[in-house]
Structure formats: C-alpha cells, structure tokens
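here is a sequence with its predicted model. Questions after.
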Amino acid sequence: MYYAPAKDSSFGFSIVLDPPIFIDLSGGSGSTDTASGSGTMDFDGADPPDAEVDYEIDIEVVDDNASITVPFGLVEGCFEVVMTTSESVDDETPFEIEIHFWIHPIFGLIRVDLIPGFEAIELAGLPS
C-alpha cells in the first residue's frame with residue numbers, strides 16, 4: 001500500500017502507545033469500545049522523545065458501509081470509525097482530539113484524519 005499526506009505539511013509527528021489501540025469492527029455500525037494507556041510523543045525525531053503521554057479513548061464505529069474518495073479513487077464498503085481521545089502530555093491539563101478512520105475489510109486503512117483539517121494520510125495506490 002502507498003499512502004500520501006492529504007495536505008502539504010512539514011509537520012513531523014510520531015506517537016507510540018502502550019498498549020497499542022485495538023479497533024474491533026465485528027459489532028458493526030453503532031458499536032463502541034474504550035482504551036487507555038501511556039506512551040511517548042515526538043515532534044521532530046528527537047531521541048529521547050519529546051513528551052510522555054497518558055491517554056483515554058472512546059471508539060465508535062459510526063458507519064459499516066461508508067464510501068470515501070482518496071487519491072487511489074472511490075473506495076466503498078469501508079468502516080468509518082471515530083476515536084475521541086483525551087490526552088495528557090507530561091502530566092499537563094488533558095486535551096481532546098477527535099480522529100477519523102476509514103478502514104476497508106480487504107484493503108485495510110484507507111484514510112486517517114489525525115488532526116481533522118490539519119494532518120491526515122490517505123491511500124494513494126496499491127503495490128503492483
């Protein structure tokens with residue numbers, strides 16, 4: 001799979017979460033779940049990472065037959081998942097971010113709006 005930034009950005013960001021987040025799609029539209037843990041955030045490739053993060057996440061499958069157009073083309077039959085995260089970085093006041101995912105049962109990850117309107121990746125092509 002080939003992914004491309006959805007917007008031009010020089011923003012470098014990574015986050016490592018422990019435990020990793022598991023999204024259960026088997027319940028279909030309307031199903032919900034929660035997750036929590038800790039990890040590290042890095043904004044510039046620094047070693048060690050820039051910050052420690054604690055998170056709590058509410059996960060909802062809002063649609064189990066969504067369609068979305070990405071550089072690869074129109075992809076139908078996706079799960080649309082919304083995760084509302086409450087994150088506390090370096091024990092500061094928690095903040096919330098809403099992250100949107102479109103996941104296809106065959107192709108996998110189609111699009112992620114990590115920070116809606118600012119940072120996203122989307123499917124650009126398949127290996128030949």
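Perfect, thanks for sending it. Numbering: from 1, shown residues only.

pLDDT-wise, which helix or strand of the protein ranks last?
strand 2-5 (a mean of 52; mean pLDDT, DSSP states H and E).

what about this structure, any weak spots by pLDDT?
Applying pLDDT under 70 to the chain flags the ranges 1-13, 44-46, 49, 116-118.

for the lengthiest strand in it, buried residues please.
Determined from DSSP state E, the single longest strand within the chain is strand 51-70. By 16 or more other CB atoms under 10 Å, the buried positions in strand 51-70 come out as 51, 53, 55, 57, 59, 61, 63-64, 66, 68, 70. In this view, the C-beta of every residue, glycine as well, is placed from N, C-alpha and C.

which other helices and strands contact it?
Other elements packing on strand 51-70 under the criterion 3 or more CB pairs under 8 Å, 6 or more residues apart in numbering; DSSP states H and E are strand 14-18, strand 32-42, strand 73-89, strand 108-115, strand 119-125.

buried ones in the second one?
Neighbour-count burial for strand 32-42, with 16+ other CB under 10 Å as criterion, is recorded at 33, 35, 39-42.

other SSEs contacting it?
strand 14-18, strand 51-70.
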